[in-house]
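Peer 1: Quick one, structure for this:
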Amino acid sequence: MIDGSPQPTDSASRIVAGIETLTRWAAALRFEDIPEPIRVRAATVLVDDLAAIVAARDEPELIGLTAGMAKSSGAAEATVFDGKGTRLDRYSAATVNGSAADWCELDEGYRRVICHAGLYCVPALLAEAEASGATARDLLRALTVGYEIAGRVARAFGWATLTLHPHGSLAAVGAAASVSALRGLSAQEMAKAISTACTLVVPGPFNHTVEGALVRNVWPGVGAWSGLRAVDWTLCGITGRPESLHDVYASAFNGEPHPEELTDGLGEDWALSDGYHKLHACCQYAHSAVEASLALCAKVDASTIREIHIDTHWKGRHLDNAQPATTLAAKFSMQHILAATAQFGHAGAEAFHASTLTAPELAAMREKVTIGAYEPEPAWPNDRPARVTWVLSDGARVTEECLSARGGPDRPLDPSEVRAKIRGIVDAPYPAMGAVLERLLDLDPAGLDRSWADTVVEMTA
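Peer 2: Numbers count the residues shown, from 1 in each chain. As a prediction, the model looks like this:
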């Protein structure tokens, strides 16, 4: 554990001191210092988020975005994982891959607070590692650093309401931290890059998810670009202030600072340990609702449903939109999630296809969903519960509940399930990718020492 020196009393100075301690630790961290289970977690996050990028390859808006970025791209130096062999400059590739990574809602997340730390690091790292000649080992070390810093910054500022979306407000910080680590910046340079990046964040409103504004999907891509540039600009002497994190998150965004979160347990309590992985292609706040619904599907004929009622946690109650206009809105609509899970018997990508938005039977079922409060709300990790009741055509009522969805540290998925999910996504567009990713998940020494550019060539052949 890192024991800090005596801390100043005001929150801004404590945030500055915390970042200094955090970046000293990060700059000194060697791959060999990372415990084996955390290395495995880093590889799993990398592979899972790469698969999430591939999953979005056929989204029409994303295809248009890629074509637009290609028109202004510089020399091709990094791969866009769209199944078409597209290569752009590292900044453009990071932007497109970052925008793809959250499109299907299959990326991993950080369970302790509202944060997807891997998503905020992986797109920039994929591009930078391929363009720079870094090895897979270098990439995983940098991801471990970036994930730790992004997770701790997320914990260091709290909000009582769902106002800001973390994809906009945190992605640039994760990208800057991880790219700083990959480029081997000093502790002082890394701190400056992070302070610079936080001034380049997007104040994305959380309600854009529920309302289905597709610009939300681009926020991680913008963050990847901004994080890369923050590192570039720091090395040119263009930086923020040491107090910039406090200026942005506490003063401008009105977050409550918790400076101790930047350093408490550093080197012992790894943020990667608190990550979760998704099997359902929708907001994680609704995964407990999906699991309760699947338990009902296993014992009741869903065609006899007359009404659906859910009691759930306060974040889940924000997912209230009975008429989602876009696929993003559907993934953040509790009504659509419950109705589609009942109809399809799963909450995979098919349940949120564009055609489901106007399907008459689903539209009718969405209107039959009511949402209430699960009270009292349990403590973490059961703080995202759901109790789902189906009222059947004969008046019978059947209920199932789930206190905590599978995939998090309290109910982890079996590694074989994550691998099956990944192979199910990548095998068709990239027949060679699955075997390469399996070796990466196994931390194959030869693969770790290979350049990431060569690994990408093999994966995409």
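
Peer 1: Run through the chain and note the low-pLDDT ranges.
Peer 2: For the chain, the stretches flagged by pLDDT under 70 are 1-9.

Peer 1: Just want the most central residue of it.
Peer 2: Closest to where the C-alpha atoms of the chain average out (C-alpha atoms, centre = their mean) is H116, at 3.1 Å.

Peer 1: helices and strands around the helix or strand that V40 is a member of, which ones?
Peer 2: Using DSSP states H and E, V40 maps to helix 36-55. Helices and strands touching helix 36-55, by 3 or more C-beta pairs under 8 Å, 6 or more residues apart in numbering; DSSP states H and E, are helix 90-101, helix 117-132, helix 136-155, helix 415-426, helix 433-441. Heads up, the C-betas are built off the backbone N, CA and C, glycines and all.

Peer 1: Just the CA atoms of the third one, as PDB, please.
Peer 2: The reference is to helix 136-155. Once side chains and other backbone atoms are set aside, the C-alpha atoms of helix 136-155 remain, and they are given as PDB (Å, rounded to 0.1, in the frame of the first residue of the first chain):
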ATOM      1  CA  ALA A 136       0.900  -6.600 -25.800                       C
ATOM      2  CA  ARG A 137       2.700  -6.600 -22.400                       C
ATOM      3  CA  ASP A 138       3.100  -2.800 -22.700                       C
ATOM      4  CA  LEU A 139      -0.500  -2.500 -23.600                       C
ATOM      5  CA  LEU A 140      -1.800  -4.500 -20.600                       C
ATOM      6  CA  ARG A 141       0.500  -2.600 -18.200                       C
ATOM      7  CA  ALA A 142      -0.900   0.700 -19.600                       C
ATOM      8  CA  LEU A 143      -4.500  -0.500 -19.400                       C
ATOM      9  CA  THR A 144      -3.900  -1.500 -15.700                       C
ATOM     10  CA  VAL A 145      -2.600   2.000 -15.000                       C
ATOM     11  CA  GLY A 146      -5.400   3.800 -16.900                       C
ATOM     12  CA  TYR A 147      -8.100   1.700 -15.400                       C
ATOM     13  CA  GLU A 148      -6.800   2.300 -11.900                       C
ATOM     14  CA  ILE A 149      -6.600   6.100 -12.500                       C
ATOM     15  CA  ALA A 150     -10.000   6.300 -14.200                       C
ATOM     16  CA  GLY A 151     -11.700   4.300 -11.500                       C
ATOM     17  CA  ARG A 152     -10.200   6.300  -8.700                       C
ATOM     18  CA  VAL A 153     -11.000   9.700 -10.300                       C
ATOM     19  CA  ALA A 154     -14.600   8.500 -10.700                       C
ATOM     20  CA  ARG A 155     -14.700   7.600  -7.000                       C
END
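
Peer 1: Quick one: work out the angle between that helix and helix 117-132.
Peer 2: 150 degrees (axes from the mean of the first three to the mean of the last three C-alpha atoms, to 10 degrees).

Peer 1: and helix 136-155, what other elements does it pack with?
Peer 2: helix 11-28, helix 36-55, strand 109-110, helix 117-132, helix 166-183, helix 445-448, helix 452-460.

Peer 1: quick one: the longest one to chain centroid distance?
Peer 2: Computed by C-alpha atoms, centre = their mean, to the nearest Å, the separation of helix 36-55 from the middle of its chain amounts to 11 Å.

Peer 1: and the next element down the chain from it?
Peer 2: From helix 36-55 onward toward the C-terminus, using DSSP H and E, the following helix or strand is helix 60-72.

Peer 1: who's in contact with that next one?
Peer 2: Outside helix 60-72, the residues that touch it by C-beta atoms under 8 Å, 6 or more residues apart in numbering are 56, 80, 82, 86, 88, 92, 95-96, 99-100, 103, 214, 217-218.

Peer 1: buried sites along the helix holding V40?
Peer 2: Within helix 36-55, the residues that count as buried by 16 or more other C-beta atoms under 10 Å are 38-55.

Peer 1: One more: stretch 341-348?
Peer 2: Neighbour-count burial for stretch 341-348, with 16+ other C-beta under 10 Å as criterion, is recorded at T341, A342, Q343, F344, H346, A347, G348.

Peer 1: same question, stretch 101-112
Peer 2: A101, D102, W103, C104, E105, L106, D107, E108, G109, Y110, R111, R112.

Peer 1: I'd like these as TSV, with distance to R317 appended.
Peer 2: As requested, the buried residues of stretch 101-112 are arranged in TSV below (distance: C-beta to C-beta, whole Å):
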residue	distance to R317
A101	27
D102	22
W103	25
C104	24
E105	19
L106	24
D107	23
E108	24
G109	19
Y110	22
R111	19
R112	21
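
Peer 1: My understanding was that V122 contacts V47; is that so?
Peer 2: No - checked against C-beta atoms under 8 Å, the pair V122 and V47 is beyond contact range at 9.6 Å.

Peer 1: before we move on, back to that, can you tell me which two in the buried residues of stretch 341-348 are farthest apart?
Peer 2: Using C-beta to C-beta, the two most remote members of those are A342 and G348, lying 13.9 Å apart.

Peer 1: Thank you kindly, that will do.
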